[in-house]
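Asker: Mind looking at a prediction? Sequence and model below.
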Amino acid sequence: MIIQLKKGISKPMLENIHFVLNEFKIKNNYVKTQVAEYLVCFSKNEFDIRKIGFIEGVEDVHSVTDDYKLVSKKWKLNNSAINLGNGIVYDAFNPIVIAGPCSVESEKQMELIVQHLVKSNIKIARGGVFKPRSSPYTFRGLGIDGLKMMYELCKAHDIKIVTEVMQVSQIEEMLPYVDVFQVGARNSQNFNLLDALGSIDKAVLLKRGISGTIDELLQSAEYVFSKGNEKVILCERGIRTFETAYRNTFDINAIQVLKEKSHLPVIADPSHGVGIRDHVSKLALASIVAGADGVIYEVHPSPEEALSDGQQTLNFEESNYLIKQIHSLQSFLKSN
């Protein structure tokens, strides 16, 4: 059960609601977000929510049986919209494109990529500066200096930045330069990190774990939401299976299932989903048809020379063609 509290609720009103819940032996957790205040309630017995709805200070009461309550669609039927500013809104009406390199490598590389984004009217850049790599001997990013350089280049063109954060200690230093904090697949159940990201007022792009289930992804989102941050974006990026013909098994089913289970925006990462450049564009388009609220993919001036993930990265020509296809597909879907 979720009790949505009225704005400006007084302390005596809240204390009275707690008293009533205790009388019914209902455990509850108080949650305050950027948007509203809630009591997330748990009871072993069936409970008639009408007994709570009339109490002073209660805005609404919702019966939610899912373990992940605040991110569940059972209490919030309308999809959440996340406004990043400059007219960039994650919602179900206009899929948003995020593009950029796997890793920020140099100023020259980023200058070329930002020019490409501007020409393609892409308003959000991705780029890793702290890279979780399977081998400790491969390129692991330029760190905070790379982020600052990316920020200056993007800021000049009003381009928002998505980049991965790997540990709690990095958040404070990264905060002025990041619009969306990405939690990568390897950190999707790093609960200390999720808790910390729940306490800031920046959007969080949460990727599905390498072998994570849909419910585990939603539980991870619940960690962020329950600590006060409603700006959560879910990302399907493929899961590890027994198949070896491609990098990951891109779970196109997950897009619709997540949108059925949760009110949060859902985007797709076809670059990591398949790991093969020739197939990225087709899977990006398939994701939009499946209902994704956006796609995030990797682009580089010379993928063959990229310091990481070049095999799944589009060049500028391929990226331009994909953008045209996305626009054509959006027009078709809106007219049908």
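Answerer: Ah, there it is. Numbering: from 1, shown residues only.
Asker: biggest helix in the chain, by residue count?
Answerer: Counting by DSSP state H, the longest helix found in the chain is helix 316-334.
Asker: Local confidence estimate at the closest residue to Lys227 other than its chain neighbours?
Answerer: What sits nearest to Lys227 in space, not counting adjacent residues and going by Cβ to Cβ, 6 or more residues apart in numbering, is Gly198, at 2.5 Å. All C-beta atoms are positioned from the backbone trio N, CA, C, and that covers glycine. We have a pLDDT of 97 for Gly198.
Asker: To what extent is Asn192 buried, counted in neighbours?
Answerer: 11 (other Cβ atoms under 10 Å).
Asker: out of everything not next to it in sequence, what's closest to it?
Answerer: Excluding its sequence neighbours, the residue lying closest to Asn192 (Cβ to Cβ, 6+ apart) is Val168, at 5.7 Å.
Asker: Same check on Phe225?
Answerer: That would be Leu70: by Cβ to Cβ, 6+ apart, it lies 4.4 Å from Phe225.
Asker: Am I right that Phe225 is in a strand?
Answerer: No - the assignment for Phe225, made by DSSP: H, G, I helix; E, B strand; the rest coil, is helix rather than a strand.
Asker: quick one: contacts for it?
Answerer: Phe225 is in contact with 31, 33, 70-71, 198, 232, counting by Cβ atoms under 8 Å, 6 or more residues apart in numbering.
Asker: Check the spacing between it and Tyr321 real quick.
Answerer: Distance of Phe225 to Tyr321, computed by Cβ to Cβ, to the nearest Å: 37 Å.
Asker: re earlier: touching the longest helix of the chain from outside, list them.
Answerer: Here helix 316-334 makes contact (Cβ under 8 Å, 6+ apart) with 94-95, 97, 99, 116, 119-122, 277, 280-281, 284-285, 288-289, 295, 297, 299, 301, 314.
Asker: And these, which of them are buried?
Answerer: Using 16 or more other Cβ atoms under 10 Å as the burial test, the contacts of helix 316-334 include 95, 97, 99, 116, 120, 122, 277, 280-281, 284-285, 288, 295, 297, 299, 301, 314 as buried.
Asker: Filter the residues you listed down to just the ones in helices.
Answerer: Reading helices off the buried ones among the contacts of helix 316-334 with DSSP H, I get 116, 277, 280-281, 284-285, 288.
Asker: Which single one of these is nearest to Thr65?
Answerer: Proximity of those to Thr65 (Cβ to Cβ) peaks at Ile288, which lies at 31.3 Å.
Asker: ok, that closest one touching Pro95?
Answerer: Yes - applying Cβ atoms under 8 Å, one finds Ile288 in contact with Pro95, separated by 5.2 Å.
Asker: Overlap in contacts, those two.
Answerer: Common neighbours of Ile288 and Pro95 (Cβ under 8 Å, 6+ apart) are 295, 326, 330.
Asker: ok, now which ones touch the first one?
Answerer: Just to be clear, that refers to Val295. Counting by Cβ under 8 Å, 6+ apart, Val295 has contacts 95, 97-98, 267-270, 284, 287-288, 326.
Asker: so which two of those residues are the farthest from each other?
Answerer: Maximum pairwise distance in the contacts of Val295, criterion Cβ to Cβ, is 14.7 Å, between Asp269 and Ile326.
Asker: So between those two, which is more surrounded?
Answerer: Legend: neighbour count by other Cβ under 10 Å for Asp269 and Ile326, higher for Asp269 (31 against 19).
Asker: Is the more buried one in contact with Tyr297, as I believe?
Answerer: Yes - between Asp269 and Tyr297 there is a contact under Cβ under 8 Å: 7.1 Å.
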